[in-house]
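Novice: sequence and predicted structure, then a few things I'm wondering about:
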Amino acid sequence: MDHRFPLVIGYLVGLAQVVSATALLLGVFVRLAAVALIVVMLGAIFLVHLPHGFDVSNGGMEYALTQLLIAFALLLMGAGAYSLASRLPTRLKRL
């Protein structure tokens, strides 16, 4: 029986990356976007890149780890003063 889970997960990962990147570029919902990117990058590191080592030229995890650390920093810091999040209602600014 073929459930096509890998196909569904592939579309969900692609959607998470596109929506998160758009949210980060616009500066809205930065912490939610960072959480989504952290989940995607952890999956990429452990499921794809880890067996190839650290060097990105050999398919390693260097670039994915860099993106993971940047997303973690955005999660901690949140949106900056010049983001569109400053124009959101007070309840939504924390996201």
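Specialist: All right, it came through fine.
Novice: in contact with the most centrally placed residue in the chain, which residues are there?
Specialist: Central residue of the chain (CA atoms, centre = their mean): residue 37, 1.2 Å from the mean position. Counting by CB atoms under 8 Å, 6 or more residues apart in numbering, residue 37 touches 16, 17, 20, 67, 68, 71. In this view, the C-beta of every residue, glycine as well, is placed from N, C-alpha and C.
Novice: next one: the helix or strand bottoming out on mean pLDDT in the chain to chain centre, how far?
Specialist: Lowest on mean pLDDT, DSSP states H and E among the helices and strands of the chain sits helix 90-93, with a mean of 77. The chain centroid and the centroid of helix 90-93 are separated by 21 Å under CA atoms, centre = their mean, to the nearest Å.
Novice: what does that helix rub up against?
Specialist: Residues outside helix 90-93 that contact it (CB under 8 Å, 6+ apart) are 29, 79, 85, 86.
Novice: report the buried residues of the top helix by length along the chain.
Specialist: Using DSSP state H to define each element, the chain has its longest helix at helix 5-26. The neighbour-count check on helix 5-26 (16 or more other CB atoms under 10 Å) flags 16, 17, 20, 23, 24 as buried.
Novice: I'd say the fourth one and residue 32 touch.
Specialist: Yes. Counting by CB atoms under 8 Å, a contact exists between residue 23 and residue 32, whose distance comes to 7.0 Å.
Novice: between the two, which contacts overlap?
Specialist: Overlap of the contact sets of residue 23 and residue 32 (by CB under 8 Å, 6+ apart) is empty.
Novice: so what's residue 20 up against?
Specialist: Counted by CB under 8 Å, 6+ apart, residue 20 has contacts 33, 34, 36, 37, 40.
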